[in-house]
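[1] Got a predicted structure plus its sequence, pasted below:
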There are 2 protein chains.
Amino acid sequence: MDVFVIGIGLIGGSLARDIRRFQEDVRIYGLDDNPAHMNEALRLGLVDEEASYDQLSEADVVLVSIPVDASVRELPKILDKVGDDTLVIDAGSTKALICNTLSDHPKRRNFMACHPIAGTEFSGPTAAIDELYQGKTNIICEVEKTAFKLQERGLELFKKLGMRIRYMNPEAHDKHIAYVSHLSHISSFMLGKTVIEKEKNERDIFDMAGSGFESTVRLAKSSPDMWTPIFEQNKENVLETLEEYIRNLEEFKQKLLQDDYEGIYGEMNNTNKIKEILKGIVPQNKN
Amino acid sequence: MDVFVIGIGLIGGSLARDIRRFQEDVRIYGLDDNPAHMNEALRLGLVDEEASYDQLSEADVVLVSIPVDASVRELPKILDKVGDDTLVIDAGSTKALICNTLSDHPKRRNFMACHPIAGTEFSGPTAAIDELYQGKTNIICEVEKTAFKLQERGLELFKKLGMRIRYMNPEAHDKHIAYVSHLSHISSFMLGKTVIEKEKNERDIFDMAGSGFESTVRLAKSSPDMWTPIFEQNKENVLETLEEYIRNLEEFKQKLLQDDYEGIYGEMNNTNKIKEILKGIVPQNKN
């Protein structure tokens, strides 16, 4: 099987690691704009050789794991180059613009719009790890637009990776993911910013930081190259979540100003049910 | 050595576990308002027997690990009861009100005002774990007000627990901890609230949540009994951090509204330096 990975960072590199473990006779070709990442991927053995778009006609599977603005620009060109029997998968955190962009492409049937909900706050080939996808959810959009035979190839791959599948339309995906992923990143980045700004004058503040702060601010380590175009493409949904979040923070502030500690207690007590909700997700993080 | 633990939850129970491992001939006495927690602590072997305030005169060390409003109420009574050679330690996340309340107490020299920056989002005796304090920071306030011999006993204990010590005045403690701990909790609770409110109408939203959301919302599992009085006692500092946080979120929202993606990139890129800052803290979480 010839697998091409376009963009060999955390997502593409981790896929390469897993495919190599479960697939016999696999050859992995890499493409990356960043020559340092390309060399790193070769050195780490994530890919067997560097490739170019002109070789895509030979591909069985192409994974496109690049920032979502680059995906919108590159996916039409990639589809132009692939063979009739090639499956092209993306991994972008937004789905509506990508699906719209490709809707009239003559090779739309070769494309499967995916969002594997998997990752860490790190990026680049050195961030790639084994079993990143094990037990995680993969959201597939507009599955009916992918050729049946290629759907099967994709699903078989995701099964081997240990993923569970959810089908969703691109608009619903973008709306929901704004709440459970995009907003978390903004809340974390702005928390980091608030504390760093303060720390400029108060050097010893971080000496007091514990694992609670570390956990809450973890996503503020994420790559701006990846996240800026996500916020751009999902602007309307992200704005909606951000407004609700700010409104809730303002209400909390008002309660505190008014010494309404019963109200504050109630807010926290109600939100504690997140415990039960979280039990159902990402269980592998608990092991 | 006779150790009394008043409030046998995560903090008190974890201390009991560690002391039992490194201290020979230790007898641990427990006091807890909650009979279910008391029974649990006995069953788990965290404490050897239940005790009352009247036995405090025999204590070598008393750890007071109860919500900070209860600490302000109970610490004067506890100090009334202890012997001349008893060391009383608290573990509260606020320090100014507690220190002020005790400043004129005849047994002030028996008290050491402490804040071990250690914990998890769980609570109660079953949440107690070994080595919770290993490698963590313990902030001691107004150390000069504690009798020299009792300072030594406290420092020896913290050394055995594996803690590093920082000295700070209570006002500076409360101001700084608002940024690196109290604000994190509010941001996490309100994130949880925002997403739960949305989820009422959109049942499948949590199916899309990954480890990023889980990490950012982790602190929203924390106990309202513990956190309500912390916010009350540290109201002014918490309001200041909360206002700065909301202002940063508003600025981010404005940038998004104005399609200022260069500005958004810049914000995230600047905040990425939290990576370097976090490398210096809670290193044991990385192992």
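    On my side now, so go ahead.
[2] Would you map the helices across chain A?
    Ranges of helices in chain A, per DSSP state H, are A:10-22, A:35-43, A:68-81, A:96-102, A:148-161, A:170-177, A:183-199, A:211-217, A:224-233, A:235-257, A:261-271, A:274-279.
[3] among those, which is nearest residue B:227?
    helix A:261-271 (6.0 Å; CB to CB). (C-beta placed from N, C-alpha, C; glycine too.)
[4] Just list what the closest one packs against, helices and strands only.
    Identification of packing neighbours for helix A:261-271 by 3 or more CB pairs under 8 Å, 6 or more residues apart in numbering or on different chains; DSSP states H and E yields helix A:235-257, helix B:183-199, helix B:224-233.
[5] For the last one, what is the distance to the chain centroid?
    It refers to helix B:224-233. Helix B:224-233 sits 11 Å away from the centroid of its parent chain (CA atoms, centre = their mean, to the nearest Å).
[6] got the contact list for it?
    For helix B:224-233, the surrounding residues in contact (CB atoms under 8 Å, 6 or more residues apart in numbering or on different chains) are A:256, A:259, A:261, A:264-265, A:268-269, A:272, B:67-70, B:72, B:92-94, B:96-97, B:123, B:174, B:182, B:185-186, B:238.
[7] Among these, name the buried ones.
    A:256, A:261, A:264-265, A:268, A:272, B:67-70, B:72, B:92-94, B:96-97, B:123, B:174, B:182, B:185-186, B:238 (16 or more other CB atoms under 10 Å in any protein chain shown).
[8] pLDDT score assigned to the residue most central in space within chain A?
    Central residue of chain A (CA atoms, centre = their mean): residue A:93, 4.9 Å from the mean position. As predicted, residue A:93 sits at a pLDDT of 96.
[9] doesn't residue A:177 make contact with it?
    Yes. Assessed by CB atoms under 8 Å, residue A:93 is found in contact with residue A:177 at 6.6 Å.
[10] what residue ranges in the stretch 101-250 of chain A score low on pLDDT?
    Residue ranges of the stretch 101-250 of chain A with pLDDT under 70: A:201-204.
[11] just to revisit the earlier point, quick one: contacts for the residue nearest to the centre of chain A?
    Per CB under 8 Å, 6+ apart, neighbours of residue A:93: A:68, A:115, A:177, A:181-182, A:226, A:230, A:234.
[12] can you pick the most crowded of those residues?
    residue A:177 (28 neighbours; other CB atoms under 10 Å in any protein chain shown).
[13] So residue A:205 sits against residue B:175, correct?
    No. If you go by CB under 8 Å, residue A:205 and residue B:175 don't touch, sitting 9.1 Å apart.
[14] domain assignment for chain A?
    Domain segmentation of chain A under automatic domain parsing yields A:2-169, A:173-286.
[15] Kindly present those as TSV, with separate columns for distance to residue B:128.
    Converted to TSV, these look like this (distance: least, CB to CB, whole Å):
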stretch	distance to residue B:128
domain A:2-169	29
domain A:173-286	16
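[16] Chain B versus residue A:74, what's the distance?
    19 Å (CB to the nearest CB, to the nearest Å).
[17] For the stretch 1-150 of chain A, what lies in contact range of chain B?
    Proximity of the stretch 1-150 of chain A to chain B, by CB under 8 Å from any CB of the partner chain, involves residues A:117-121, A:136-137, A:139.
[18] Farthest-apart pair in those residues, please.
    So, these by CB to CB: farthest apart are A:121 and A:139, at 20.4 Å.
[19] quick one: contacts for residue A:248?
    For residue A:248, the contact set (CB under 8 Å, 6+ apart) comprises B:190, B:193-194, B:197.
[20] Now for residue A:30: which residues touch it?
    Counting by CB under 8 Å, 6+ apart, residue A:30 has contacts A:4-5, A:8, A:12, A:16, A:38, A:41-42, A:46-47, A:49-51.
[21] Any quick ChimeraX command for the buried ones out of those?
    Selection of buried members from the contacts of residue A:30 for ChimeraX, criterion 16+ other CB under 10 Å:
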select /A:4,5,8,12,16,38,41,42,46,47,50,51
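[22] The closest residue to residue A:100 other than its chain neighbours - how many residues pack around it?
    Distances taken as CB to CB, 6 or more residues apart in numbering or on different chains place residue A:170 nearest to residue A:100, at 7.7 Å, with adjacent residues excluded. Using other CB under 10 Å, residue A:170 has 19 other residues around it.
[23] Could you double-check that residue A:170 sits in contact with residue A:142?
    Yes. Residue A:170 is within contact range of residue A:142, at 6.5 Å (criterion: CB under 8 Å).
[24] which residues are in contact with both of these two?
    Joint contacts of residue A:170 and residue A:142 (CB under 8 Å, 6+ apart) are A:99, A:113.
[25] Tally up the residues packed near residue A:122, please.
    So residue A:122, with other CB under 10 Å, has 15 neighbours.
[26] Alright, calling it a day.
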